[in-house]
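Asks: Requesting a structural model of the entry that follows:
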Amino acid sequence: MILRRNIDNENLYTKYTNIIVLSAWGFVIAIATFVFFYVGYMIDQRFGTQPTFMLGLLTLGLFLSVGRLYWEAWHKRNVH
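Replies: Numbering: from 1, shown residues only. Model (predicted):
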């Protein structure tokens, strides 16, 4: 009976691990994108080049975050 509960808990844990990791990556992508956007906004305010750095760093932050997610998924794929 106790052994059965441990197996059920392990199955439940492995079942929801991917969902938790993906939701954490969603937060990472959103926060990194907004941080890069804000830094670009501050640089644009300093130099008077309104959408240039803001859009450039927004795009860079998005590509770096998604690229890191892809890189980690690729390496986890090779491990299992």
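
Asks: Mind checking the pLDDT average for the helix or strand where residue 17 lies?
Replies: Using DSSP states H and E, residue 17 sits within helix 2-47. Across helix 2-47, pLDDT averages out at 84.

Asks: Tell me the first helix or strand C-terminal of it.
Replies: As assigned by DSSP H and E, the chain's next helix or strand after helix 2-47 is helix 50-79.

Asks: what angle do that next one and helix 2-47 make?
Replies: 160 degrees (axes from the mean of the first three to the mean of the last three CA atoms, to 10 degrees).

Asks: quick one: buried residues of helix 50-79?
Replies: 53-54, 57-58, 60-62, 65, 69 (16 or more other CB atoms under 10 Å). Every residue, glycine included, has its C-beta placed from N, CA and C.

Asks: okay, now residue 41: neighbour count?
Replies: Residue 41 is flanked by 17 other residues according to other CB atoms under 10 Å.

Asks: Which residues lie in contact with the closest residue in space to it that isn't next to it in sequence in this structure?
Replies: The shortest distance from residue 41 to any non-neighbouring residue, by CB to CB, 6 or more residues apart in numbering, is to residue 54 (4.9 Å). Residue 54 is in contact with 37, 40-41, 43-44, counting by CB atoms under 8 Å, 6 or more residues apart in numbering.

Asks: follow-up on the earlier one: show me what the helix holding residue 17 is packed up against.
Replies: Counting contacts by 3 or more CB pairs under 8 Å, 6 or more residues apart in numbering; DSSP states H and E, helix 2-47 packs against helix 50-79.

Asks: I'd like the distance between the residue most central in space within the chain and residue 69.
Replies: Computing the C-alpha centroid of the chain and ranking residues by CA atoms, centre = their mean puts residue 25 first, at 3.1 Å. Per CB to CB, to the nearest Å, residue 25 is found 5 Å from residue 69.
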